[in-house]
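> Here you go, sequence then predicted model.
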Amino acid sequence: MQRLLLAVAFALCAGSALAALNLNTATKEELIALPGIGPAKAQAILDYRNAHGAFKSVEELKDVKGIGAKRFEKLKGELTVVASPKNAVRPPEKAGAATQPAARASDKPGGAPQRSAKGEVSMAAKQDVQAGAKP
């Protein structure tokens, strides 16, 4: 029985070692575990990902400073690029970009819902009423 458990444990470890590392979700420690990647190169990969957003292909790794053709050839078989909505990396926000939605008149204390020239209440005000907010 112990041999069977040992064999199963070994198979699980071997299978995970063969799995390709996703460049878009890899941590610094995971990158350092790759052959030829030390702390500085791992940080360069993370910095590139933060500056340019998610990798679109493994070949984009060649754009990272310090990753040459030889190093890329050694790494490409161990890497993959998978973009999933849950783990996707957002591109950096541009300086001066609005980070919060614009305030509505109904958001202000005592503010009334905005009406169009025809006297219609705006969609945002209708949603506020449906959500239980006082107009």
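That came in fine, so what should we check first?

> Next, the buried residues of stretch 40-54.
41, 42, 44, 45, 46, 48, 49, 54 (16 or more other CB atoms under 10 Å). In short, each C-beta sits where N, CA and C put it, glycine included.

> for stretch 60-77, that is, sorry about that
Here stretch 60-77 shows 60, 61, 64, 67, 71, 72, 75 as buried, counting by 16+ other CB under 10 Å.

> Looking at the residues you listed, which is nearest residue 19?
Using CB to CB, residue 75 comes nearest to residue 19 of these, at 14.5 Å.

> Break this protein down into its domains, please.
2-80, 104-135 (automatic domain parsing).

> Pick out the shakiest of those, pLDDT-wise.
Mean pLDDT per stretch puts domain 104-135 lowest among the domains of the chain, at a mean of 55.

> Quick one: the buried residues of stretch 60-77 as CSV, columns for distance to residue 30 and secondary structure too.
Shown next, in CSV, are the buried residues of stretch 60-77 (distance: CB to CB, whole Å; DSSP: H, G, I helix; E, B strand; the rest coil):
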residue, distance to residue 30, secondary structure
60, 18, helix
61, 14, helix
64, 15, coil
67, 16, coil
71, 17, helix
72, 17, helix
75, 13, helix
